[in-house]
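please work out how this folds:
(one chain, ligands or ions: 1)
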Amino acid sequence: MSIGILTSGGDAPGLNAVIRAVVFSGTQIHDLDFLGVRYGWKGLVENDIRPLVRHDIMGISKQGGTILGTSRTNPFEHGGVERVREVMAANNMDALIAIGGEGTLAAAKRLSDQGLPIVGVPKTVDNDLDATDYTFGFDTAVQIATEAMDRLRTTGDSHQRCMVAEVMGRYVGWIALHSGVAAGAHAILIPERKTSIDQICEWVTKAKDRGRAPLVAVAEGFLLDTMTDAHSARGLDAFGRPRLGGIGELLAPMIEERTGIETRATTLGHIQRGGTPTAYDRVLATRLGWGALKMVLEERWGYMVALRGTEIVDVPFEAALGSLKVVPQERYEEVMALFG
Ligand code: F6P
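Here you go, the predicted structure:
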């Protein structure tokens, strides 16, 4: 049996650990062959595919990024199911493991609905897929963001400035919430909760009045109560979604002007997605990889692996897609009570 593997969408620390787990276990225990598809769906529609052997995956769990490369290519804009079927057949590919976020898994679902043998592995640093309790990459992103905020606090303290730290989180505020709590932020702003600039300034002023240098953690998808869309000044991505980033820079002068407190903004951006995955993410990614291989062996096409509590489970694509794992209001409010 020959199994293709692709990684698609934004990269996340832990992708290589999934690839390693699948190939290591598949070659050593099950005597399977693997094909590495380059740059996500792009490699599948362009037939950019090469054998993936044990040698290729040696020691890669600790490497960030993906040895296969990734892209935000939508296969349905490049020949769709006919082209994917044709390329799989030309390479004698009996099954495909697609590792990616919502866009990738939605494409995988459409292809598997039309009879292609595909299973999925969820991936997103934003941790916004409702079907799984955690995705690998999230823990690493939170760790990086927390460390960055710790650093911002020491320089903020030295200058008695307000520091605004912008983290990723397109639709959900999990990275902001977790890193903000870990770093002791005085305000945490998430996409799920529109907030007024007056409220933000009240928290900032309260922290300053207590002798603290205020730290504001903000997710890229946060909206002020006066905004109808998340701040975007960088055009659209391949799926037509606005490229986010810059809300921190927008807020900083507003805070400074209203409070009189000198304010600086830092956007962490892709630093959160790069570099070494945490041990937690490596282990989670490895277990999801083993789960995906098991699904292939059981021919459970149209399913993806997920983490429920501490167990790895199978979830049909249709149950996995369409609903975001947002920060529940009560989770936010228990943190919000301590802002300022
Ligand atoms: O979907 C994960 C994510 O990191 C979002 O938080 C962010 O908006 C987006 O990807 C950035 O995408 P790109 O790498 O294409 O700039």
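
how about stretch 179-194, does it reach the ligand?
No - applying C-beta under 6 Å from any ligand atom, one finds stretch 179-194 separated from the ligand by no less than 10.3 Å. Yep, even glycine has a C-beta here, placed from its N, CA and C like the rest.

that stretch: end-to-end distance?
Stretch 179-194 has its terminal residues 19 Å apart, counting by C-alpha to C-alpha, to the nearest Å.

just how off-centre is that stretch within its chain?
The gap between where stretch 179-194 is centred and where its chain is centred comes out at 18 Å by C-alpha atoms, centre = their mean, to the nearest Å.

check stretch 304-318 too.
Between the mean C-alpha point of stretch 304-318 and the mean C-alpha point of its chain there is a distance of 17 Å (C-alpha atoms, centre = their mean).

for it, buried residues please.
Counting neighbours by 16 or more other C-beta atoms under 10 Å, one finds that the buried residues in stretch 304-318 are 304-307, 312, 314-315, 317.

closest one to the ligand out of these, please.
Met304 (16.7 Å; C-beta to the nearest ligand atom).

who touches the helix or strand hosting the closest one?
Taking DSSP states H and E as the definition, Met304 sits inside strand 303-308. Applying C-beta atoms under 8 Å, 6 or more residues apart in numbering, the external contacts of strand 303-308 come out as 105, 108, 119-122, 129, 131-134, 284, 287-288, 291-292, 295, 312-317, 320.

tell me the helix or strand right after that strand.
Past strand 303-308, further along toward the C-terminus, the next helix or strand under DSSP H and E is strand 311-316.

what's the angle from that next one to strand 303-308?
Put simply, strand 311-316 runs at 140 degrees to strand 303-308, going by axes from the mean of the first three to the mean of the last three C-alpha atoms, to 10 degrees.

using PDB, write out every CA atom in strand 311-316.
Presented in PDB, the C-alpha positions along strand 311-316 are these (Å, rounded to 0.1, in the frame of the first residue of the first chain):
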ATOM      1  CA  GLU A 311      -7.900  10.300  24.000                       C
ATOM      2  CA  ILE A 312      -7.300  10.300  20.300                       C
ATOM      3  CA  VAL A 313     -10.600   9.700  18.500                       C
ATOM      4  CA  ASP A 314     -12.000   9.600  14.900                       C
ATOM      5  CA  VAL A 315     -14.500  12.300  13.800                       C
ATOM      6  CA  PRO A 316     -16.300  12.400  10.500                       C
END
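
what's it packed up against?
helix 279-297, strand 303-308 (3 or more C-beta pairs under 8 Å, 6 or more residues apart in numbering; DSSP states H and E).

let me see the confidence value for Gly184.
Confidence per residue is given as pLDDT, and for Gly184 that number is 98.

tell me the contacts of it?
Gly184 makes contact with 153, 215, according to C-beta under 8 Å, 6+ apart.

next one: it from the ligand, what distance?
As defined by C-beta to the nearest ligand atom, to the nearest Å, Gly184 lies at a distance of 23 Å from the ligand.

buried ones in stretch 277-286?
Across stretch 277-286, burial judged by 16+ other C-beta under 10 Å covers 277-278, 280-286.

what is the most widely separated pair among these?
Thr278 and Thr286 (12.7 Å; C-beta to C-beta).

what is the burial count for the residue in the stretch 101-250 of the chain positioned nearest to the ligand?
Closest approach of the stretch 101-250 of the chain to the ligand (C-beta to the nearest ligand atom) occurs at Met168, with a separation of 3.5 Å. The local packing of Met168 (other C-beta atoms under 10 Å) involves 26 other residues.

re earlier: want to throw the buried residues of stretch 304-318 into TSV with distance to the ligand and pLDDT?
Conversion of the buried residues of stretch 304-318 to TSV gives the following (distance: C-beta to the nearest ligand atom, whole Å; pLDDT from 0 to 100):
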residue	distance to the ligand	pLDDT
Met304	17	97
Val305	19	98
Ala306	18	97
Leu307	18	98
Ile312	22	98
Asp314	24	96
Val315	20	96
Phe317	18	94
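
phi, psi of Ala187?
Per-residue torsions, Ala187: phi -150, psi 140 (degrees, to the nearest 10).

what number of residues lie near it?
Number of residues near Ala187 (other C-beta under 10 Å) recorded here: 27.

could you measure from it over to Ile261?
Distance, Ala187 to Ile261, using C-beta to C-beta, to the nearest Å: 13 Å.

overlap in contacts of those two?
Residues touching both Ala187 and Ile261 (C-beta under 8 Å, 6+ apart): 204, 214.

tell me the pLDDT at the residue nearest to Glu262 when sequence neighbours are not counted?
Here the nearest residue to Glu262 in space, its sequence neighbours aside, is Arg161; by C-beta to C-beta, 6 or more residues apart in numbering that works out to 4.7 Å. Listed pLDDT for Arg161 reads 98.

thanks a lot, see you next time.
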